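Undergrad: could you work out the structure for the sequence below:
(one chain, ligands or ions: 1)
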Amino acid sequence: TPVLLWFRRDLRLSDHRALCAACETGHPIIPVFIHDGAVDALGAAATFRLGLGLADFANTLEARGSRLILRRGPAIGVLDEIIEETGAGAVFWSRLYDPRAQERDAEIKSALNGRGLEARSFPGHLLFEPWTVETGGGAPYRVYSPYWRNVRSRDPGEPLPAPKSLPAPAAWPRSDALGDWDMGAALRRGAEVLRPYIAPGEAAAQARLATFTEERIERYKADRNLPARAATSDLSEYLTLGEISPRQLWAAGLAAQERGAAGAEHFLKEVTWRDFAWHLGYHWPRLFTDNWREEWDDFPWDEDESRPEVIAWKQGRTGVLFVDAAMRELYVTGRMHNRARMIVASYLTKHLLAHWRIGQRWFEDCLIDWDPASNAMGWQWVAGSGPDAAPYFRIFNPETQREKFDPDEAYCRRWLAEPFEDPSAESLSYFDAAPRAWGLSPKAPYPAPVVGLKEGRERALAAYHRARD
Ligand code: FAD
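TA: Predicted coordinates for the structure are as follows:
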């Protein structure tokens, strides 16, 4: 009797606890991926990236004599179908931590158990599961620093090696063709725009981790805020799909630290921010949808997405160099440097007084590393409504930030065509990527600021003081 291995955000063979447990049973393994409502709900770029990840993972499995069975429909129905067709006696999976997936998985587990089938779940895409990290008083953490100290003193365990082979069933069930799922259909910029920026899959993830720990980690703390510099790991999109595990990052960071790499501790800290975001989202699911601090419900955020300033923000036409460079980088590559994410988020929620949810949704549609918890926490942290957030009155000045973090303008030159002579190829590629309906041209004059930086700052502070009083 085969074991179904239901893959979700764990598209890898190494450090995969559910897979190792399935191999230990000695039964044939049928790897399955289900295109269900959770996939329908993904943003355009994330769906495209998932399609590339699935194609790569299917090849990896085939190289080991296995296959990835693709099916579409509600998860329980699809699992039932495959169980019926193959006589499978068990379903294994890695756990997810968002409220909807938790609820769905619990229902599936009890339905399968009710029919006498084995349903086993294993730790998923975090270093530590959200309920396993608690304060001395047994409560979840609301503040990062003590959370970090707790996590730093623990051992997430050694990453597991990939199984040598995956026992195949006597006959394979049918699979959809990935091409029929048309995962790039929702992209407004053509797939050819994003594609060159993506190297999907587990092998590429491991190669990137190796490059990072061999070449970049030493200077990580010093250079990680410079968006023009290749200084960070660029691993977030792999973590999003589970093409690499955080435990593998942790082990590599510790090994670098033992070799004396200066930036290693800081890298571990950043990896822990991602776990912290899931810790918060698990214990307070409103992190994903509402102000984490309820007192912010009275703040006059503007949720009108059709405001010209908000449209200019999305299109990278605010007239503020750093903001526009970052928004164009996002549109072309599906990624944005962390410093730039903070600056564009501050500009939208403070200078433009727009609700953080507008930015959260735009990032959700555009990012290839979209992670619901890190995105929600990032937006709420900058907006001031989140746990352990930056105080609202700390408003980034995007010009000062540019002088500090892009002093030679390399980042702005890379992404902006209009203000510079001899625009870079990447800055011009934005105009090919942008929908025609936006009516943009690299020859048009660079836009005037949609709001003066001083005026926007004062307006935001006034709104804050009014709401507070
Ligand atoms: P590195 O600097 O190499 O860090 C290593 C890993 O640590 C990252 O891959 C990531 O998993 C984690 N990490 C680093 N910084 C953070 C952070 N601030 N919060 C949570 N995890 C972190 N990250 C996402 O993965 N998906 C998102 O959708 C996302 N949305 C964000 C939205 C806003 C408004 C902000 C301010 C930040 C957001 N981040 C998000 C966090 C951060 O910007 C990215 O994780 C980081 O830029 C990824 O680049 P890297 O892999 O080179 O990071």
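
Undergrad: going forward, measure contacts and count neighbours with C-alpha atoms only.
TA: OK.

Undergrad: chain center to the helix or strand of the chain with the lowest mean pLDDT, what's the gap?
TA: None of the helices or strands of the chain scores lower by mean pLDDT, DSSP states H and E than helix 191-194, at a mean of 89. The chain centre lies 19 Å from the centre of helix 191-194; the measure is C-alpha atoms, centre = their mean, to the nearest Å.

Undergrad: contacts for it?
TA: 48, 184, 332, 333, 334, 429, 433 (C-alpha atoms under 8 Å, 6 or more residues apart in numbering).

Undergrad: out of those, who's near the ligand?
TA: The subset of the contacts of helix 191-194 within reach of the ligand, counting by C-alpha under 6 Å from any ligand atom, is empty.

Undergrad: let's have these in a markdown table, adding neighbour count, pLDDT and distance to residue 203.
TA: Below are those laid out as a markdown table (neighbours: other C-alpha atoms under 10 Å; pLDDT from 0 to 100; distance: C-alpha to C-alpha, whole Å):
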| residue | neighbour count | pLDDT | distance to residue 203 |
| --- | --- | --- | --- |
| 48 | 21 | 97 | 19 |
| 184 | 21 | 95 | 23 |
| 332 | 26 | 96 | 24 |
| 333 | 21 | 96 | 21 |
| 334 | 26 | 97 | 20 |
| 429 | 16 | 94 | 28 |
| 433 | 19 | 90 | 29 |
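
Undergrad: show me which of those is closest to the ligand.
TA: Top of the list for closeness to the ligand, among those and by C-alpha to the nearest ligand atom, is residue 334 at 10.3 Å.

Undergrad: coming back round to it: can you list which of the contacts of helix 191-194 are found in strands?
TA: With DSSP state E as the criterion, strands contain none of the contacts of helix 191-194.

Undergrad: flag every buried residue along the least confident helix or strand of the chain.
TA: 191, 193, 194 (16 or more other C-alpha atoms under 10 Å).

Undergrad: and which of the contacts of helix 191-194 is nearest to residue 9?
TA: Nearest to residue 9 among the contacts of helix 191-194 is residue 48, at 14.4 Å by C-alpha to C-alpha.

Undergrad: and that closest one, what does it touch?
TA: Contacts here follow C-alpha under 8 Å, 6+ apart; on that basis residue 48 touches 183, 184, 187, 191, 368.

Undergrad: can you check residue 1 too?
TA: 27, 28, 86, 87, 88, 89.

Undergrad: which residues of this structure lie near the ligand?
TA: 232-236, 270-271, 273-274, 337-338, 341-342, 345, 369-372, 374-375, 378-379.

Undergrad: now intersect those residues with the helices, please.
TA: Using DSSP state H, the members of the residues of the chain next to the ligand that fall in helices are 236, 270-271, 273-274, 338, 341-342, 345, 372, 374-375, 378-379.

Undergrad: how near is the nearest residue to residue 160 once chain neighbours are set aside to residue 166?
TA: Nearest residue to residue 160, sequence neighbours excluded (C-alpha to C-alpha, 6 or more residues apart in numbering): residue 15, at 4.1 Å. Remark: distance between residue 15 and residue 166 (C-alpha to C-alpha, to the nearest Å) = 15 Å.

Undergrad: much appreciated, bye for now.
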